[in-house]
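Participant: I'll drop the sequence and a predicted model, then ask my questions.
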Amino acid sequence: MATTAAAKKPSPASAKSPPPKAPAAARRQKDACDLLDADHKAVKAMFKEFETLSESRSRSTTKKRQLADQICKELTVHATIEEEIFYPAARKAIKDDSLMNEATVEHASAKELIAQIKGMDAGDAMFDAKVTVLGEYIDHHVKEERTEMFVKVRGTKLDLVGLAEQLLARKQELMAQQEEPAPMPVPEMAASL
């Protein structure tokens, strides 16, 4: 049986082709926007978990309280590193006071809701609603950061990789402080001895 030349040629699908290029995000170093967005994604997952708990039949207030506390802690640390490090650098780089002021006001609103949640019992009628609304606030805030602020910041000459290192160091410091037990108050009687 004769073999034709066409049969000997490898098919285009089997021909060796160069490996696919990595996506642009994979080729560049992780920057401040990537670090902040990773926080956004982690908190979003916690809000989804909270929603699942709220809808479950068991309605475990202990689990909801623990999860709400974790959400509040993560958001508090995240807001702190943004306000202390990222926002001042972004404000200077993009020169968009309106956008930066709006983000600051959104943080203030979220912090107020966080304080209310922390002061509530997980069994309170409004507890689930407040955590849900906090999640909606955060979704809105994240969308604006991703689609407006991060895009503008990445269009500047700001050292976002160096900024990421600063953000991560401060985040680790704040998280460690959150883990430390509060100092025990000294009873007045013992203090006077």
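Facilitator: Arrived safely. Numbering: from 1, shown residues only.

Participant: Skipping its backbone neighbours, what lies nearest Thr104 in space?
Facilitator: Tyr87 (6.9 Å; CB to CB, 6 or more residues apart in numbering). For the C-beta atoms, the positions are set from N, CA and C on the backbone; glycine is no exception.

Participant: That neighbour: neighbouring residues, count only.
Facilitator: For Tyr87, the count of nearby residues is 18 (other CB atoms under 10 Å).

Participant: Can you name the element that comes right after the helix or strand hosting it?
Facilitator: Under the criterion of DSSP states H and E, Tyr87 resides in helix 87-94. Later in the chain than helix 87-94, the nearest helix or strand by DSSP H and E is helix 97-118.

Participant: how far is stretch 133-146 from where the chain is centred?
Facilitator: 10 Å (CA atoms, centre = their mean, to the nearest Å).

Participant: Name the residues of that stretch that come out as buried.
Facilitator: 133-135, 137-138, 141-142, 145 (16 or more other CB atoms under 10 Å).

Participant: could those residues go into JSON lines alongside secondary structure and pLDDT?
Facilitator: Output for the buried residues of stretch 133-146, formatted as JSON lines (DSSP: H, G, I helix; E, B strand; the rest coil; pLDDT from 0 to 100):
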{"residue": "Val133", "secondary structure": "helix", "pLDDT": "96"}
{"residue": "Leu134", "secondary structure": "helix", "pLDDT": "97"}
{"residue": "Gly135", "secondary structure": "helix", "pLDDT": "97"}
{"residue": "Tyr137", "secondary structure": "helix", "pLDDT": "95"}
{"residue": "Ile138", "secondary structure": "helix", "pLDDT": "97"}
{"residue": "His141", "secondary structure": "helix", "pLDDT": "96"}
{"residue": "Val142", "secondary structure": "helix", "pLDDT": "96"}
{"residue": "Glu145", "secondary structure": "helix", "pLDDT": "96"}
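
Participant: Which member of these is positioned nearest Gln29?
Facilitator: Nearest to Gln29 among those, counting by CB to CB, is Glu145 at 19.7 Å.

Participant: Just confirm that closest one contacts Ala103, I think it does.
Facilitator: Yes: counting by CB atoms under 8 Å, Glu145 touches Ala103, with 7.0 Å between them.

Participant: one step back: check the gap between the residue nearest to Thr104 and Val153 for me.
Facilitator: Distance of Tyr87 to Val153, computed by CB to CB, to the nearest Å: 10 Å.

Participant: next one: Asp128
Facilitator: 35 Å.

Participant: Looking only at neighbour counts, state which of the two leads.
Facilitator: Val153 (22 against 18).

Participant: other SSEs contacting the helix of greatest length in the chain?
Facilitator: Assignment by DSSP state H gives helix 32-55 as the longest helix of the chain. In terms of contacts (3 or more CB pairs under 8 Å, 6 or more residues apart in numbering; DSSP states H and E), helix 32-55 is packed against helix 61-81, helix 127-144, helix 150-154, helix 160-179.
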